[in-house]
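Undergrad: quick one: sequence plus predicted model below, questions after.
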Amino acid sequence: MACKMVPSVITYNSLLRTKGKDYFSVNLSTSGHVICGLNGKVEIWDPEKSEIKYSTGVEGNMYDIKEYGNHLYGALKHDDQLTIVRYGRQLTTREDMVLISYKASLLSQIDVRYGKIAVTDWDNKLIELYTTGGEFVRDVQLNNVKRLRGVRLIKDDCLLVSDMESHSVTKYRTDGSGNIVWRRDDRLQSPAGICVNEWGFIFVCCNAGDKIYLLSPGGNFPITLYQLTMRIVSLHDYVLRR
């Protein structure tokens, strides 16, 4: 299976142009573009040309930007409420999808796919699940989680969660049982962002180790994908920085 890698230097050049701004989210789109959320702005980069394809302003309290289907999704936190926002792929349209009651002190990431919205709750160490219409489905209690960071909904009615303090990625069932399917807690160093490709392989970005690991759908280690050695750029900037 061929895999086209994007040279690190292109991403680095892109980051230099936004020096001094904090990234709240960076994701790779299915079209190969890089979706960057930073202070007051969302940008979609073409990494091969090192140029911005699309850009729009966003509120300063925006959290996370995820792609699903033909749309991009973000979350806005206002006091005790969370608004899930949907953008067109070229950032020319925007609509507020649902308003969710949210009393946790801090939001890290969301995910929107397969008809569900997953929202992290740092205070209570759980994931709140909603329909895309805003109807509450259930809480998924996260056993043994210390510092919840990333979340990703996957096809088999499960979700993946990264824990920066226990250096782990865990697959949980979302059927109400909260049962753990598998847990990977070796070699990972402060895992943050999680992505899954169409074959079910899992990309885990580790802040402290400056690595992106590739896990099999069963949570095993087939390969270390990238080793980032540049002094200035760390995955703390590349994935999620506050």
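TA: Yep, it's here.
Undergrad: all contacts plus neighbour counts: C-alpha atoms, from now on.
TA: OK.
Undergrad: and the pLDDT for the residue nearest in space to the middle of the chain?
TA: Residue closest to the mean C-alpha point of the chain, counted by CA atoms, centre = their mean, is G193 at 4.8 Å. Here, the pLDDT recorded for G193 equals 83.
Undergrad: that one reaches N207, doesn't it?
TA: No: with contact defined as CA atoms under 8 Å, G193 does not count as touching N207 (9.1 Å).
Undergrad: give me the neighbour count for the closest residue to L38 other than its chain neighbours.
TA: Leaving out its chain neighbours, the residue that sits closest to L38 by CA to CA, 6 or more residues apart in numbering is Y23, at 4.3 Å. Using other CA atoms under 10 Å, Y23 has 24 neighbouring residues.
Undergrad: kindly report the same for the one 4 residues further on.
TA: If you count neighbours by other CA under 10 Å, N27 ends up with 22.
Undergrad: ok, I127 next?
TA: For I127, using other CA under 10 Å, the count is 23.
Undergrad: and the helices in the protein?
TA: 8-17, 235-238 (DSSP state H).
Undergrad: gap between the residue nearest to the centre of the chain and D80?
TA: Distance of G193 to D80, given as CA to CA, to the nearest Å: 25 Å.
Undergrad: next, the distance between the ends of stretch 64-77.
TA: Start-to-end, stretch 64-77 (CA to CA) is 11 Å.
Undergrad: so which bits of that stretch are buried?
TA: With burial defined by 16 or more other CA atoms under 10 Å, the residues of stretch 64-77 counted as buried are 64-67, 71-77.
Undergrad: how about stretch 130-148?
TA: Under 16+ other CA under 10 Å, the buried positions of stretch 130-148 are 130-132, 134, 139-142, 145-148.
Undergrad: what does stretch 188-199 give?
TA: Those would be 188-196, for stretch 188-199 by 16+ other CA under 10 Å.
Undergrad: let's see which of the buried residues of stretch 130-148 end up in strands.
TA: 130-131, 139-141, 148 (DSSP state E).
Undergrad: state the pair within those that is farthest apart.
TA: T131 and L148 (21.7 Å; CA to CA).
Undergrad: below-threshold pLDDT in this protein: ranges please.
TA: 1-22, 209-210, 222-242 (pLDDT under 70).
Undergrad: swap in 50 and give it another go.
TA: 1-17, 224-242 (pLDDT under 50).
Undergrad: circling back: farthest pair within the buried residues of stretch 64-77?
TA: H71 and K77 (19.9 Å).
Undergrad: can you list the buried residues of stretch 64-77 in TSV and add distance to S55?
TA: Shown next, in TSV, are the buried residues of stretch 64-77 (distance: CA to CA, whole Å):
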residue	distance to S55
D64	15
I65	13
K66	15
E67	15
H71	14
L72	12
Y73	14
G74	14
A75	17
L76	18
K77	21
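Undergrad: which residues does L142 contact?
TA: L142 is in contact with 125-127, 172, 178, counting by CA atoms under 8 Å, 6 or more residues apart in numbering.
Undergrad: my bad, should have said N124
TA: Here N124 is in contact with A104 (criterion: CA under 8 Å, 6+ apart).
Undergrad: right, and L82 touches S101 too?
TA: Yes: using CA under 8 Å, L82 makes contact with S101 at a distance of 6.2 Å.
Undergrad: neighbour count for those two, which is higher?
TA: L82 (20 against 14).
Undergrad: quick one: contacts for that one?
TA: So L82 contacts 75-76, 99-102 (CA under 8 Å, 6+ apart).
Undergrad: not counting its neighbours along the chain, what's nearest it?
TA: Per CA to CA, 6+ apart, closest to L82 is I100, 5.0 Å.
Undergrad: ok, that neighbour to A75 distance?
TA: Separation of I100 from A75 (CA to CA): 10 Å.
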